[in-house]
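> give me a 3D structure for the following:
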Amino acid sequence: MSSEINKGPVVGMRHVQALLIFLHITIVFIGRLNVGVSLVAMTNAETTIPDFPLREYDWTEAQKSYVISSFFWGYISKQFMGGYLCKRYGAKRVMFWSVFGSRVCSTLTPLFIGFGEWKAYCAIRVIMGLAQGVIFPCIHQHLARWSLPAERSRLGALSYSGCECGNMSAMFLSGMIAKSSLGWHGISYVSAGVAFFWCALWFILAADNPTKSRFVGEREFLYIESSLEHTEMYHETTIPIPWRAICTSAPFLGFLVTRCCGMWGLSTLQAQIPAQMNGVLDMDMKSTAFFSALPFLAMWVMSYVYLIAVDILLAGNCLSLTTLRKTFNSIAFWIPCATLIGIGFLGLDQKSLAIALMTISVGVNSDATIGSSLNPIDLSPNHAGILTGIVNTTVSVVTIVTPLVVGLVVEDGTNRSEWQIIFIIAAVLLFLGNCVYLCFGTAVTQPWDSEDYLKLKDSELATKPAINGATNGTHKDTMETQTS
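Numbering: from 1, shown residues only. Model prediction:
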């Protein structure tokens, strides 16, 4: 007798959850990264519509760098809390209020700037960072509870391709809005409106896990349950967090260093491309918007190319998951090393080559999603939200420091040699970060992910003294016998 393996529907609620997360990340990144385009429009009115009745602000490069980094001043403080909140209240509720709150701040941004200029802009972005700080720990926890091990790379990459879509939209759409009759005010209003629409979709369709979904079919539910029955979502009690094991885990610490180095390179490209193109390459707002978005369009397209490649390689058993992640991460980190250095040495007469190298740098970097971004779910499905909270807290320090370093080094936005230093620093960190991942990275689930890990450790510690005591006692008796 043979039985048919239940593989669930081809497209089910787990795919809907991935789509909602994709839209969620897209919206979050639009609100986070449109500041680069906004600052160009606010401080250089000639790049927008001539004689448009919006005030132009005379802010220094250092002040603009404070505005760019201020989001992460608030963002960094909520990472640990994000992992805790999604465990206590569920990812659905936490993610809803996070997006809703940050978009209210976006709506109020033009009003705040009118009263307090760059300092008020920093303040409202700090609040936005506080609201969004809980998001990515919740996303990892949500994916861990909906994605099967066999589909984790696929659904995770589909979800995280929202980063590339958000990057592209932030650059391109923000530039188009700033150039339109809405002006830079419209950047905040449009992104807020789209986010409120997503909140409605999320409220109706999202669920913390399959057991709480009103729309999941019985066949898909049984398929997910049979594959994830060992995880925390099927336990009544919360699995204790093995803090000591996590903080001394070489694979996790290696992953942490890798993500910090990768984020330095990516944040340099995300936040500084509009300023570098406007200053060094002398492009106006419309050109800056299009060519700033082009690399992230390539990044978005390449994320699906990599996704198909992963499916083919895993289906054919060509590579283990660990080898696959290291290979893809090497491509994502090491190719931009060369292109970033090349970008820094190009001038006004080499605009096309500069744009091509930027497109290659950012497009290839999308491989990092499959290469390392999803690694917390590999290392520990039960504690993926906690691991992501730790990583994002540390990475947020990098995203704070990166624009501040740019503000210190780049005193004149048109000075090519100063931008060369910025790109060389990013290239060196990308190279070293991947070296660490090659040495210590793995996609194997760690022993401390087990529900019984702390219980076993406690029993071992309790047993050792007894064993030592028994041994010492026997040895003492033997010595006394020999002496007598």
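
> in three-state terms, label the nearest residue to residue 185 once chain neighbours are set aside for me.
Excluding the flanking residues, the one nearest residue 185 by C-beta to C-beta, 6 or more residues apart in numbering is residue 110, at 4.5 Å. Where you see a C-beta, it was placed from the backbone N, CA and C, and this is true even at glycine. Counting by DSSP: H, G, I helix; E, B strand; the rest coil, the backbone at residue 110 sits in helix.

> residue contacts, residue 110?
For residue 110, the contact set (C-beta atoms under 8 Å, 6 or more residues apart in numbering) comprises 184, 185, 188, 189.

> list the contacts for residue 67?
With C-beta under 8 Å, 6+ apart, residue 67 has these contacts: 35, 39, 59, 118, 121, 122, 125.

> picking up where we left off before, nearest to residue 357 among the contacts of residue 110?
residue 184 (28.5 Å; C-beta to C-beta).

> which of the contacts of residue 67 tops the neighbour count?
Sorting the contacts of residue 67 by how many neighbours each has (other C-beta atoms under 10 Å) puts residue 125 first, at 28 neighbours.

> let me know whether it touches residue 33 as I believe.
No: under the criterion of C-beta atoms under 8 Å, residue 125 is not in contact with residue 33, lying 11.6 Å apart.

> residue 243: neighbouring residues, count only.
Residues near residue 243, counting by other C-beta under 10 Å: 13.

> repeat that for residue 338.
Number of residues near residue 338 (other C-beta under 10 Å) recorded here: 14.

> cool, residue 92 as well?
By other C-beta under 10 Å, the residues close to residue 92 number 21.

> state the pLDDT value of it.
pLDDT for residue 92: 88.

> nearest residue to it in space, please, no chain neighbours.
Nearest non-adjacent residue to residue 92 (C-beta to C-beta, 6+ apart): residue 206, at 4.7 Å.

> which pLDDT does the model give the one you found?
Residue 206 is assigned 90 on the pLDDT scale.

> that one touches residue 17, doesn't it?
Yes: shown here, residue 206 and residue 17 form a contact pair, counting by C-beta under 8 Å, at 6.7 Å.

> name the nearest residue to residue 78, sequence neighbours excluded.
Excluding its sequence neighbours, the residue lying closest to residue 78 (C-beta to C-beta, 6+ apart) is residue 133, at 2.7 Å.

> list the contacts for the one you found?
Contacts of residue 133 (C-beta under 8 Å, 6+ apart): 74, 75, 76, 77, 78, 79, 81, 82, 98, 392, 396.

> restricted to helices, list those.
74, 75, 79, 81, 82, 98, 392, 396 (DSSP state H).

> same list, these, but as CSV with pLDDT please.
Listed next are those as CSV, based on pLDDT from 0 to 100:
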residue, pLDDT
74, 81
75, 80
79, 64
81, 74
82, 72
98, 89
392, 78
396, 78
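
> which one of those residues is nearest residue 408?
residue 396 (19.2 Å).

> how close does that closest one sit to residue 268?
Separation of residue 396 from residue 268 (C-beta to C-beta, to the nearest Å) stands at 15 Å.

> can you list the weak-confidence ranges in the stretch 1-150 of the chain?
1-10, 44-55, 79-80, 83 (pLDDT under 70).
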